[in-house]
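Visitor: With the input below, show me the fold.
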Amino acid sequence: MSFFLTELLIVNNESSYKIFARAGVQNFAFYLLSDGGSGINEDCPGGKTYNVTGIGVENAGAIAMYSNCNLLTSNADFQESADAWLLASYLFYLEGMDWYLDNVVSTWCAVGVIPQLNGH
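Guide: Coordinates of the predicted model:
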């Protein structure tokens, strides 16, 4: 279960960002990947908190757009979307790839889709 199903969503220690609870998992993942953020997710391992470093809206947009247009089908689930974003970040950002991959993994952990991996 992701934290989108709970009543309280805390982003950057503010509870006023509840709009993301209704906007959808992938929308919030895009927001976190582009702008970064920290908060609480009861399903994210390691103390129920997350901290994502944003990679910028253009970089996040390139990853999301490539994934949506070239890798995902209309029946894709959130795990497949996370996998597609990881593949797209690998394809686009070979230089500095680890940094981009780390932030994509942290993003999808923050929204409760993939478990924490290697300390993310």
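Visitor: who touches stretch 61-74?
Guide: 26, 30, 33-34, 80-81, 84-85, 87-89, 91-92, 100, 104 (Cβ atoms under 8 Å, 6 or more residues apart in numbering). C-beta here means a position set from N, CA and C on the backbone, and glycine is covered the same way.
Visitor: cool, and stretch 86-96?
Guide: Residues contacting stretch 86-96 (Cβ under 8 Å, 6+ apart): 59, 62-64, 66-67, 71, 97, 99-101, 104-105.
Visitor: among the residues you listed, which ones are buried?
Guide: Asn59, Ala62, Ile63, Ala64, Tyr66, Ser67, Leu71, Tyr100, Leu101, Val104, Val105 (16 or more other Cβ atoms under 10 Å).
Visitor: Now flag whichever of the contacts of stretch 86-96 is closest to Gly39.
Guide: Nearest to Gly39, judged by Cβ to Cβ, of the contacts of stretch 86-96 is Val105 at 16.6 Å.
Visitor: what helix or strand is that closest one on?
Guide: Assigned by DSSP states H and E, Val105 belongs to helix 97-110.
Visitor: State the mean pLDDT of that helix.
Guide: For helix 97-110, mean pLDDT rounds to 83.
Visitor: you'd agree Asn51 is in a strand?
Guide: Yes. Applying DSSP: H, G, I helix; E, B strand; the rest coil, one finds Asn51 inside a strand.
Visitor: Quickly list what it is bridged to.
Guide: The partner list for Asn51 in beta bridges (DSSP bridges) reads Ser38.
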